[in-house]
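J.: No sequence on hand, only this structure:
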């Protein structure tokens, strides 16, 4: 069966450190993968999209990698800040499907 | 520019009652979606629409109906609410579909529904 797996345990890190979140998938052949941020009581907000032929994508302090052989994406936040505390969701679309499928998300807590 | 607006934000229903959640977008997006979010289960697709007048089933469509009579509106209906439908419902829209690569979703703020 198809699965998108994100670490369900919260990730706690100190301010200024790099946070790394993992998204693994099985039985998908995604053309691209997306990352979203969700704050409590609010809808997810799009952050980054990476295509299958791209190894890495950057946006300010954010970096995403995509390894289609390992079937894994890593999401990095460098120089993390307490304001980065949120739940981060990965999402992908399988070839032939018509909508995004989301992982359950990983909650990041950045301690000052 | 409001983006995606959902109404109501909160609702409590008794088992067997019916209700409609309204989603409106002002971005002229073709695609619209309804997801539900439950603790530990992430976002699950209920129904979606690829354009005005069209609807399609997602991953968990049972117990729900939808309509897209106008491009900017996507309605989610519960005909006979059940406690298992207690959840947070999110509407989203996108300019293009998955094959276009323009499948970035803009979400509403969510509607919290409790069925007693």
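T.: Right, received. Where do you want to start? Since the structure is predicted, the reported quantities are computational estimates derived from the model, not experimental observations.

J.: Next, the buried residues of stretch B:54-73.
T.: Across stretch B:54-73, burial judged by 16 or more other C-beta atoms under 10 Å in any protein chain shown covers B:55, B:58, B:60-61, B:64, B:66, B:68, B:71-73. Where you see a C-beta, it was placed from the backbone N, CA and C, and this is true even at glycine.

J.: Ramachandran angles for residue A:82?
T.: phi -50, psi -30 (degrees, to the nearest 10).

J.: OK, contacts around it?
T.: Residues in contact with residue A:82 (C-beta atoms under 8 Å, 6 or more residues apart in numbering or on different chains) are A:15, A:110-112.

J.: if we can go back for a sec, quick check, nearest of the buried residues of stretch B:54-73 to chain A?
T.: Of all the buried residues of stretch B:54-73, chain A sits closest to residue B:58, with 6.4 Å by C-beta to the nearest C-beta.

J.: Thought residue B:36 was touching that closest one, still the case?
T.: No: Residue B:58 is beyond contact range of residue B:36, at 9.7 Å (criterion: C-beta atoms under 8 Å).

J.: Give me the common contacts of the two.
T.: With C-beta under 8 Å, 6+ apart as the test, residue B:58 and residue B:36 both reach B:44, B:46.

J.: Can you get me a residue count around the residue of chain B found nearest chain A?
T.: In chain B, the residue that lies nearest chain A is residue B:107 (3.2 Å; C-beta to the nearest C-beta). When neighbours are counted by other C-beta atoms under 10 Å in any protein chain shown, residue B:107 registers 22.

J.: nearest spatial neighbour of residue B:40, skipping sequence neighbours?
T.: Nearest residue to residue B:40 in three dimensions, chain neighbours excluded: residue A:104, at 6.1 Å (C-beta to C-beta, 6 or more residues apart in numbering or on different chains).

J.: Near chain A, which residues of chain B? Just list them.
T.: B:4, B:33, B:35, B:40-45, B:48, B:50, B:56, B:58-59, B:90, B:92, B:97-99, B:101, B:103-110 (C-beta under 8 Å from any C-beta of the partner chain).

J.: For ChimeraX, what selects the buried ones among those?
T.: Buried residues among the residues of chain B next to chain A (16+ other C-beta under 10 Å), as a ChimeraX selection:
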select /B:4,33,35,42,43,44,45,48,50,58,90,92,97,98,103,104,105,106,107,108,110
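
J.: Low-confidence stretches in chain A?
T.: By pLDDT under 70, the weakly predicted segments of chain A are A:94-97.

J.: where do the strands sit along it?
T.: Under the criterion DSSP state E, strands of chain A are mapped to A:3-6, A:11-14, A:19-26, A:30-38, A:45-51, A:56-59, A:62-67, A:72-77, A:86-94, A:101-102, A:106-111.

J.: for those, which one sits closest to residue B:15?
T.: strand A:101-102 (28.3 Å; C-beta to C-beta).
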